[in-house]
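A.B. asks: need coordinates for the following:
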Amino acid sequence: LWVTVKGVGLTSDSTIYLSTARSLLEGRGFFAFGEPMTQYPPVYPLLLAAVGKFNPDITVTARWLHAFLYGLNGALFMYLAYTSTRRSPFALFAAGILYFSNEFMLDIHAYAWSESPFITFLLLTLFFLTRYVMSQRLNWMYLTAASLALAAVTRYVGITLLPAALIIFWIFSELKPKQKIRYALVFGGISVLPLAAWMMRNLVVAKTAANRVVAYHPVDADGYHDLISSLHNYFLPSTVTWWNNFFELTVVIIVFGLFAYKLFKLYKPGEKTESELITLVLTGLIGSGIYLVFLLISMTYIDAMTRFNYRILSPVFILLSLSAISIMFGYSTKAKNNAVWAVFLLTVLIIGRANTGSTVDAAFFKRANGLGLNGEIFHNSPLLQKFPQVDNNITIYSNGYREIGFLSDRVTVTLPQKYDAMSRVENLLYESQMAAMCSHARSGEALIVTFRLLGKWDIYPTEDEIDITCDIPILYDEYDGLIFGIKDKFSITP
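C.D. replies: Purely as a prediction, here's the structure:
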């Protein structure tokens, strides 16, 4: 709450979630900007709508929701580390340092993104799964399946938790093989049913399961550099070049891989006291591996917009952190080598000390300048202040149609796109759409707006291309954008 004093962080994704939540509160269902919402799953907009009942400004309640989730996720993260290590206060301390000293975790919870509730359901899935392993009561496995289902309908990638959960169930369940198969099918069915129902709804209302098109667009070298640097920067301060990050990350992986190998050699199957710890180790390693493979496949064939950044890799940080704490505690206990545990704790303390300074600095900067569309630069944008002067019957075409539409609370339309951003498939109707937009603007019934604060996207026509193609006057030209339109039709003040 202290960091988000100017409002919860908003980006283009946030506008879709919040617009959908507004639509739900108004009784119109899952719609965003006048179209069925299919690009994202439904749970996060439902959460926003639920808390939105307490305040007419949904961004205010979103801010409180994310502050609550930041604390809840930190508590769940620390508790899992605590219980898996025989209630070690040092493990609790280490988990707290890793979580609360991390700038990325703060950022993820400060913005209206679906990552924070997804992390909640991820941690609940781990909690229920470990309870099942320790008690062998099937009720815990049903709760595991339910929380996993909620993760999958919060972020589509949540379905990658299912293979890891089923592997753990198969390894640690004391049921007979035939019973394991039967219950695995039941748990799998519970986990996928809500997601399947959502996709069926999407097919009915929009003729698309998830607003994606299958097309080949391989991840380039920069994408892999981002993966290396993002994973590295979660645990260690960033270095100048990606190959330095690669070297340090490789050393860390080798060290923990070695201790994991030694732990598994010492572990005797059936040891009840270590089952919870081994569950977190295996789930972390298997779950993060499947998650990364799924992301790579998705980026290659389904969604070219996805990037290996700190947002998308946040579940990997959660899974691997819990796995690392469990590995080091487990090995030091089994090998009776307290020095290993002491060195690990000292390393965590050093990492926390290194990260805390940048996290505190970032927190002060975000508090002073705001976050995303709730930042000072957007609040003070002269271009955004022009829209109250424009009649609601006038169509606004823009590269920032979502952002402008959300901030000005009016219907806006995208500029013609040269190709689809997610599939990179060429838009064969681009020329005709440009001609139609220009004709609409020349009639005096539309404005064309380029919003410079959002940066450049090569999927949209440039300002020069719009100027040449449409050949209409520029009504507004400042640092934050341009407005094209017919002077006689609008009275936009300079």
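
A.B. asks: what segments of the stretch 251-400 of the chain are strands?
C.D. replies: 395-398 (DSSP state E, counting those that start in this stretch).

A.B. asks: remind me which residues of the stretch 101-250 of the chain are low pLDDT?
C.D. replies: Applying pLDDT under 70 to the stretch 101-250 of the chain flags the ranges 239.

A.B. asks: centroid residue for this protein?
C.D. replies: By C-alpha atoms, centre = their mean, the chain has its centre lying nearest to Glu115, at 3.7 Å.

A.B. asks: what sits closest to that one if chain neighbours are left out?
C.D. replies: Ile108 (4.7 Å; C-beta to C-beta, 6 or more residues apart in numbering). (C-beta placed from N, C-alpha, C; glycine too.)

A.B. asks: re the thing from before, wait, the residue nearest to the centre of the chain sits on Ser314?
C.D. replies: Yes - here Glu115 reaches Ser314: they are 5.3 Å apart, a contact under C-beta atoms under 8 Å.

A.B. asks: which residues are in contact with each of these two?
C.D. replies: Jointly contacting Glu115 and Ser314 under the rule C-beta atoms under 8 Å, 6 or more residues apart in numbering are Ile108.

A.B. asks: before we move on, back to that, I'd assumed the residue nearest to Glu115 was in a helix, is it?
C.D. replies: Yes - under DSSP: H, G, I helix; E, B strand; the rest coil, Ile108 falls within a helix.

A.B. asks: I'd say it and Pro117 touch.
C.D. replies: No - Ile108 is beyond contact range of Pro117, at 10.6 Å (criterion: C-beta under 8 Å).

A.B. asks: residue ranges for the helices of the stretch 201-350 of the chain, please.
C.D. replies: 221-235, 242-266, 272-301, 314-334, 338-369 (DSSP state H, counting those that start in this stretch).

A.B. asks: which strands and helices sit next to the fourth one?
C.D. replies: Packed against helix 314-334, as judged by 3 or more C-beta pairs under 8 Å, 6 or more residues apart in numbering; DSSP states H and E, are the following elements: helix 58-84, helix 89-100, helix 103-110, helix 115-135, helix 221-235, helix 242-266, helix 272-301, helix 338-369.

A.B. asks: export the ones you listed as CSV, with columns for distance to Leu148.
C.D. replies: Listed next are the helices and strands packed on helix 314-334 as CSV, based on distance: least, C-beta to C-beta, whole Å:
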stretch, distance to Leu148
helix 58-84, 15
helix 89-100, 22
helix 103-110, 20
helix 115-135, 5
helix 221-235, 23
helix 242-266, 24
helix 272-301, 11
helix 338-369, 29
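
A.B. asks: for Phe30, find the nearest of these.
C.D. replies: Nearest of those to Phe30, taken as C-beta to C-beta: helix 58-84 at 15.1 Å.

A.B. asks: helices or strands next to that closest one in the packing?
C.D. replies: Packing partners of helix 58-84 (3+ C-beta pairs under 8 Å, 6+ apart): helix 12-25, helix 43-52, helix 89-100, helix 103-110, helix 115-135, helix 272-301, helix 314-334.
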